[in-house]
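K.L.:
could you work out the structure for the sequence below:
(one chain, ligands or ions: 2)
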Amino acid sequence: MSLKIYNSLTNQKEEFEPMEKDLVKIYSCGQTIYDDMHVGNAKTYAAWDILNRYLSWKGYEVFHVMNITDVGHLTDDADRGEDKVEKAAREKHLEPMELVTEQVRKWYREMDELNMKRHNVIPRATGHMIEMIEAVKEIINNGFAYEENGSVYFDVEKFNEEHGYPKLGGRTLDHLETGAGGRVSEEELEEKRSPYDFALWIKADSSHIMKWPSPWSIGYPGWHLECSVMGIKYLGKKFDFHTGGVDHIFPHHPNERAQNIAIKDMDEEPINYWIHSEHITVEGEKMSKSKGNFYTVADLLNEFEPEVIRTFFASIHYRSQSDFSFRSLVESRKKLERFQNTLRNIEEREGGNDVDLEEDIPWIKDEFQKAMDNDLNTPLAMSKLLEFCNKVNKNLNNEKPILEEAKQTLVELLGVLGIDIKKEKKTKNIEAESHIDLLLEIREKLREKGEYELADHIRENLKKSGISVEDSEEGPTWYVS
Ligand code: AMP
Ligand code: ZN
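P.N.:
Numbering: from 1, shown residues only. Ligands and ions are numbered 1, 2, ... in the order given. Next up is the predicted model:
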């Protein structure tokens, strides 16, 4: 059975065929590291973690690169504006690289905690400046870029005539107003031959901190360039998968594709499958650092075990949008408990023989694979695994070896979804819950004494931490809002 996956290059589900037998190469666009990882970022990384784990489970060797963007990603994702890292560092009175060091450490810790398999290479843009400058020279030499006033721009109309642009998402140039995504300033219009053109190298003004000498100016690379360069460096001229959130369908990924082709002056497609994960939203709007409507992974990890968060991610199809709510995490916890209870039931059960489970083990492996082969349908895979748990729980009189095999199968298949079911349960939720109860008890005492201001202070602060308190005749109750 082979994997069918939705390719944004052709806008259809396609059967996956690796370029090299048994080896799969994946490049995933990673974190712009000026702020904490939020739930939306993590959901997208979990999708690629599952892709990696599933392909490994099917017997492929997987080589996975995920970059960290520490320079060149400008506010509004455009070609002019402030560098996101520089802006955040200035606000925190830190050196840009000091902020990056701190954020990278946090990011690694949280990715590990979320049980994301470590990528083979996690390159950072600032470590690849020489390669980026060389790539810009190649693009100019191959006739797809020009210099103007110290900045270098990609000639989109010329590229479009030969290779099609933006192509991803089924769009053509007529669908677009600009090539960089954001607004085009007057200054850029004076330099760009066409508003479709996007920057490869940008001349820095005097206030810019992160800048490097180049043949064109002291400046810095365009955001799109780094991924092309690091992808080629670690995966080669051609590779299998390039992944990112749907916000990358335009402009980031078409610009990357154009650069990859132009750097190597190729006639073929450099990447076979462009895969995009839908957004996590908050009240219908994309969760994003710049909008400020985000929940960080750190916040969630304070409240929920990592396995609950991974169960939540696996319950959403990577191409479905999902509105974030604490309720859905509570539901995910219940689902996880059903898996955990099944394991416990097996462990505590003696031998005997009742209805045969022997056929159910190949059945679940088959159903799991069918669901996953159909564009990584993780919600369907999860529901089949829950069905399997029901079968096991009804047949606990089976011979011990078969029950043991059922247990191994459950652990193995949940592991493919990134859910480590055998991990010891942490007590932090129980501790947190007893602290909330204690605060409510103190609040009641304060109210009895007429100290309403202090009582309200407790309630408001709990609210800020996402805990809503409701008073009733039986006393106060709380829930995660
Ligand atoms: P950024 O740090 O903004 O460069 O984003 C890092 C990765 O997270 C990219 O692949 C984005 O497409 C993805 N991403 C950003 N916001 C969301 C969201 N709300 N839901 C899902 N993925 C997201
Ligand atoms: Zn990228």
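
K.L.:
near ligand 2, which residues of the stretch 151-300 of the chain are found?
P.N.:
residue 227 (CB under 5 Å from the ion). Glycine gets a C-beta too; all of them are placed from N, C-alpha and C.

K.L.:
run the last query once more with 8 Å
P.N.:
With CB under 8 Å from the ion as the criterion, the stretch 151-300 of the chain comes near ligand 2 at residues 223-224, 226-227, 244, 248, 252-253, 256.

K.L.:
out of the residues you listed, which is nearest to residue 194?
P.N.:
residue 224 (16.5 Å; CB to CB).

K.L.:
tell me the secondary structure for that closest one?
P.N.:
Three-state assignment for residue 224 (DSSP: H, G, I helix; E, B strand; the rest coil): helix.

K.L.:
residues near it, how many?
P.N.:
Counted with other CB atoms under 10 Å, the neighbours of residue 224 add up to 29.

K.L.:
which residue packs closest to it, ignoring adjacent ones?
P.N.:
In space, and not counting its chain neighbours, residue 224 is closest to residue 255: 3.9 Å by CB to CB, 6 or more residues apart in numbering.

K.L.:
my guess is the one you found meets residue 198, correct?
P.N.:
Yes: taking CB atoms under 8 Å as the definition, residue 255 is a contact partner of residue 198 at 5.5 Å.

K.L.:
burial of the residue nearest to residue 70 when sequence neighbours are not counted, as a residue count?
P.N.:
Take residue 70 and drop its neighbours on the chain: the residue closest to it by CB to CB, 6+ apart is residue 100, 4.6 Å away. By other CB under 10 Å, 23 other residues sit near residue 100.

K.L.:
what do you get for residue 389?
P.N.:
21.

K.L.:
for it, which residues are in contact?
P.N.:
Neighbour list for residue 389: 338-339, 341-342, 410 [criterion: CB atoms under 8 Å, 6 or more residues apart in numbering].

K.L.:
go on, residue 342?
P.N.:
389, 392-393, 410.

K.L.:
recalculate using a threshold of 6 Å.
P.N.:
389, 392-393 (CB atoms under 6 Å, 6 or more residues apart in numbering).

K.L.:
next one: residue 148
P.N.:
residue 191.

K.L.:
make 461 the first number, not 1, from now on.
P.N.:
With the count now opening at 461, the last piece we talked about shows up as residue 608.

K.L.:
phi first, then psi, for it.
P.N.:
Residue 608 adopts backbone torsions of phi -150, psi 120, taken as degrees, to the nearest 10.

K.L.:
the protein against ligand 1: which residues are in contact?
P.N.:
Contact residues, the chain versus ligand 1 (CB under 6 Å from any ligand atom): 489, 491-492, 500-501, 503-504, 529, 704-705, 707-708, 737, 739-740, 746-748.

K.L.:
name the next helix or strand following the biggest helix by length in the chain along the chain.
P.N.:
Secondary structure of the chain per DSSP state H: the longest helix is helix 786-808. Moving toward the C-terminus from helix 786-808, the next helix or strand (DSSP states H and E) is helix 820-833.

K.L.:
what's in contact with that following helix?
P.N.:
461, 463, 514, 837, 840-841, 844, 848, 851, 865, 869, 873.

K.L.:
please repeat the previous calculation with a cut-off of 7 Å.
P.N.:
461-464, 514, 837, 840-841, 844-845, 848, 851, 865-866, 869, 873 (CB atoms under 7 Å, 6 or more residues apart in numbering).

K.L.:
mind listing the strands for the stretch 561-710 of the chain?
P.N.:
Using DSSP state E, counting those that start in this stretch, the strands found in the stretch 561-710 of the chain span residues 605-608, 611-614, 658-663, 679-681, 699-705.

K.L.:
so which of those gets nearest residue 551?
P.N.:
So among these, strand 679-681 is nearest, using CB to CB, at 19.4 Å.

K.L.:
next one: the closest one to chain centre, how far?
P.N.:
Mean-position distance between strand 679-681 and its chain equals 26 Å (CA atoms, centre = their mean, to the nearest Å).

K.L.:
packing partners of it?
P.N.:
strand 658-663 (3 or more CB pairs under 7 Å, 6 or more residues apart in numbering; DSSP states H and E).

K.L.:
partners of the strand it packs on, with directions?
P.N.:
strand 611-614 (antiparallel), strand 679-681 (antiparallel) (DSSP bridges).

K.L.:
what average pLDDT does the shortest one get?
P.N.:
What that stands for is strand 679-681. Strand 679-681 carries an average pLDDT of 95.

K.L.:
mind listing what's buried along that strand?
P.N.:
For strand 679-681, a neighbour-count test (16 or more other CB atoms under 10 Å) marks 679-681 as buried.

K.L.:
remind me which residues of the stretch 661-810 of the chain are low pLDDT?
P.N.:
810 (pLDDT under 70).

K.L.:
could you list the domains of the chain?
P.N.:
464-741, 776-876, 890-940 (automatic domain parsing).

K.L.:
just those: most buried one?
P.N.:
domain 464-741 (a mean of 20; mean count of other CB atoms under 10 Å).

K.L.:
quick one: terminal-to-terminal distance for that domain?
P.N.:
27 Å (CA to CA, to the nearest Å).

K.L.:
next up, the contacts around the residue in the stretch 661-810 of the chain that ligand 1 sits nearest to.
P.N.:
Closest approach between the stretch 661-810 of the chain and ligand 1, counting by CB to the nearest ligand atom: residue 705, at 2.1 Å. In this structure, residue 705 makes contact with 504, 736-737, 739, judged by CB under 7 Å, 6+ apart.

K.L.:
in the stretch 511-660 of the chain, which residue sits closest to ligand 2?
P.N.:
Closest to ligand 2 within the stretch 511-660 of the chain is residue 527: 6.3 Å, counting by CB to the ion.

K.L.:
contact partners for residue 475?
P.N.:
Residues counted as contacts of residue 475 (CB under 7 Å, 6+ apart) are 462, 464.

K.L.:
can you check residue 649 too?
P.N.:
residue 655.

K.L.:
let's verify the closest residue to ligand 2 within the stretch 761-910 of the chain: helix, strand, or coil?
P.N.:
Of all residues in the stretch 761-910 of the chain, residue 778 sits closest to ligand 2, at 17.2 Å by CB to the ion. Counting by three-state DSSP, the backbone at residue 778 sits in coil.

K.L.:
might one say that it is in contact with residue 737?
P.N.:
Yes: with contact defined as CB atoms under 7 Å, residue 778 reaches residue 737; the gap is 4.6 Å.

K.L.:
find the residues that touch each one of the two.
P.N.:
residue 507.

K.L.:
next one: phi and psi at residue 472?
P.N.:
Per-residue torsions, residue 472: phi -160, psi 160 (degrees, to the nearest 10).

K.L.:
on the strand side of things, show who it bridges to.
P.N.:
Residue 472 has these beta-bridge partners by DSSP bridges: residue 467.

K.L.:
which pLDDT value goes with it?
P.N.:
pLDDT, read off for residue 472, is 97.

K.L.:
tell me who's in contact with the residue of the stretch 511-660 of the chain closest to ligand 2.
P.N.:
489-490, 583, 585, 686-687, 690.
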